[in-house]
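1. need a 3D model of the following:
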Amino acid sequence: MRLVILSRREELYSTRVLVEAARKRGHEVRVLDTLQFDILVSRRNPELLYQGQPVGAVDAVIPRIGASITYFGTAVVRQFEMLGVYCLNESQAIARSRDKLRALQLLSRHDIGLPPTVYTRQAEHVPSCIEQVEGPPVVVKLLQGTQGIGVVLAETAMAAHSVIEAFHGLEQNILIQKYIKEAGGSDIRALVVGHKVVAAMRRQAVPGEFRSNIHRGGTAKKIRLPAEYRRTALAAARCLGLTVAGVDLIESNEGPMVMEVNSSPGLEGIQKTTGVDVAAAIIEHIENEVQKKIEPPRRQETKKRAKKAI
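-> Numbering: from 1, shown residues only. Prediction:
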C-alpha cells in the first residue's frame, strides 16, 4: 500500500510511530509537508502537485493537520478525496472538529452529554450568560485554542467579564462554559479508531491547575473505560464524521460529558501511558478500508470471467 502522511515535520512523535507501524507491515510511506502542495483546479481534471511535481499514485492519506493550517490543510485533504484517495479523516470532519462551537452544536443534536455552554459577542450579555451556565466560576475558552491554550477558569463574575473583554478586544471568539467542579481537575482521553475505543487514559492536573493537558504538566494513567463512556466517545466521533479521534470526556454528576473532539490526536501520551500501539491499530484500519475499495471491482471481474467460462 502506498501511504502518505501529511505532517509538517517527520521527526514528530506521532508521525514517526505511524511511519514505523506502516513500514513494519510492509507498506511504502512518504511524509509530505502539508504546506508544500499546490492545488490545481480545472474542468474535470483535479490535480495535486508536491514541490511542483505530480504527487504520484497514493492509496491512502493520514492527515496530521495542525490547528494553525486548518484551512489549507483541509483543502489538500479535499483534493485527495477528489482524486479518489482514501483519507483516514475526511476534510469536512476535520473542519467540524476544529470549530469548537460547530462541534458542540452538532453534538447537541444527539443524546451526548455536554457541559452547558454559551457563545456571545455582546459584553452586556456576559452576566446573564454566566447565570445560564450556573456560574461563577466559569470556564472561558477560545474557539480555536489547542492543548489547553486559551482556556481560563474565571472564579468570579468580575474576573469572567475582564477575561471575556480582553479576548473580544483581540477579536477572538470565545465560549463561556459551566465549570464541572466534581471532576476535580481530571478528564479522560479516549482514542477512537474506526468503531472501537482502542485506548483510554485519565489525566490529572497539577495542584493549583484545572487544565489536565499533559502539555500543561498534567499526569496520566491507563484506565479501563466504563461502557457508558465508551459509547459516548464513539457517538461523538461518529457524529462529527471522524474515523480517528481523541475524545476528551469529563466525569460529572450527570454522567460523561464531551469537552472536545480532536481530529489529529497526539499519540505520544496515550501510547506511553497505556502501552497500546495506537499507530498499528490505525494502519490496520486503513488496510481494511482500502481493501474494501479494491474488492468490489475484483468480484465483478471474477463474475465476468465465470460467465465467459460458461
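
2. contact partners for the spatially most central residue of the chain?
-> Among the residues of the chain, the one closest to the centroid is Ser263, at 1.6 Å (C-alpha atoms, centre = their mean). Counting by C-beta atoms under 8 Å, 6 or more residues apart in numbering, Ser263 makes contact with Pro63, Ile65, Asn89, Ala93, Ile94, Ser97, Arg98, Leu240, Leu242, Val244, Ala245. (Glycine included, C-beta is placed from N, CA and C.)

3. those helices in the stretch 51-200 of the chain, which residues are they?
-> 70-82, 91-98, 100-108, 126-132, 157-169 (DSSP state H, counting those that start in this stretch).

4. quick one: which of those is nearest Pro226?
-> Among these, helix 100-108 comes nearest to Pro226, with 19.3 Å by C-beta to C-beta.

5. can you list the buried residues in that closest one?
-> For helix 100-108, burial by neighbour count (16 or more other C-beta atoms under 10 Å) applies to Lys100, Ala103, Leu104, Leu106, Leu107.

6. same question for stretch 246-258.
-> Buried-residue list, stretch 246-258, by 16+ other C-beta under 10 Å: Gly246, Val247, Asp248, Leu249, Ile250, Glu251, Pro256, Met257, Val258.

7. which residues touch that stretch?
-> 107, 112-115, 180, 182-183, 186-192, 228-229, 232-233, 236-237, 259-262, 265-266, 270.

8. so for that stretch, mean pLDDT?
-> Averaged over stretch 246-258, pLDDT sits at 95.

9. next one: stretch 223-238
-> 96.

10. likewise for stretch 108-124?
-> Per-residue scores along stretch 108-124 average to 89.

11. got the CA positions of it in PDB?
-> The C-alpha coordinates for stretch 108-124 follow below in PDB (Å, rounded to 0.1, in the frame of the first residue of the first chain):
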ATOM      1  CA  SER A 108     -26.100  18.700  21.000                       C
ATOM      2  CA  ARG A 109     -28.500  17.300  18.400                       C
ATOM      3  CA  HIS A 110     -27.700  13.800  19.700                       C
ATOM      4  CA  ASP A 111     -28.000  12.200  23.100                       C
ATOM      5  CA  ILE A 112     -24.500  13.100  24.100                       C
ATOM      6  CA  GLY A 113     -23.600  14.700  27.400                       C
ATOM      7  CA  LEU A 114     -22.200  18.200  27.100                       C
ATOM      8  CA  PRO A 115     -21.300  21.000  29.700                       C
ATOM      9  CA  PRO A 116     -23.800  23.900  29.400                       C
ATOM     10  CA  THR A 117     -22.100  26.400  27.000                       C
ATOM     11  CA  VAL A 118     -22.900  29.900  25.800                       C
ATOM     12  CA  TYR A 119     -21.500  31.900  22.900                       C
ATOM     13  CA  THR A 120     -21.800  35.600  22.800                       C
ATOM     14  CA  ARG A 121     -20.300  38.700  21.200                       C
ATOM     15  CA  GLN A 122     -22.000  41.300  23.500                       C
ATOM     16  CA  ALA A 123     -20.200  42.400  26.600                       C
ATOM     17  CA  GLU A 124     -23.500  43.500  28.200                       C
END
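
12. so which of the helices of the stretch 51-200 of the chain is the most packed in?
-> Burial of the helices of the stretch 51-200 of the chain is given as mean neighbour count (mean count of other C-beta atoms under 10 Å); helix 91-98 ranks first at a mean of 21.

13. which elements pack onto it?
-> Under the contact criterion of 3 or more C-beta pairs under 8 Å, 6 or more residues apart in numbering; DSSP states H and E, helix 91-98 touches helix 70-82, helix 100-108, helix 227-240.

14. now for these, which one comes closest to Arg25?
-> It's helix 70-82; of these, that one is closest to Arg25 (C-beta to C-beta) at 21.0 Å.

15. that closest one to helix 91-98, inter-axis angle?
-> Per axes from the mean of the first three to the mean of the last three C-alpha atoms, to 10 degrees, the angle that helix 70-82 makes with helix 91-98 is 150 degrees.

16. shift numbering so it begins at 869
-> Yes, from this point I'll number from 869; that puts the last item at helix 938-950.

17. if you count contacts, what does helix 938-950 end up packed against?
-> Against helix 938-950 (3+ C-beta pairs under 8 Å, 6+ apart) you get strand 870-874, strand 905-908, strand 915-918, strand 928-931, strand 954-955, helix 959-966.

18. switch the helices and strands packed on helix 959-966 over to CSV; also include distance to Ala925.
-> Output for those, formatted as CSV (distance: least, C-beta to C-beta, whole Å):
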stretch, distance to Ala925
helix 938-950, 12
helix 968-976, 34
helix 1095-1108, 29
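
19. nearest to Thr883 among the buried residues of stretch 1114-1126?
-> Nearest member of the buried residues of stretch 1114-1126 to Thr883, counting by C-beta to C-beta, is Gly1114, at 15.6 Å.
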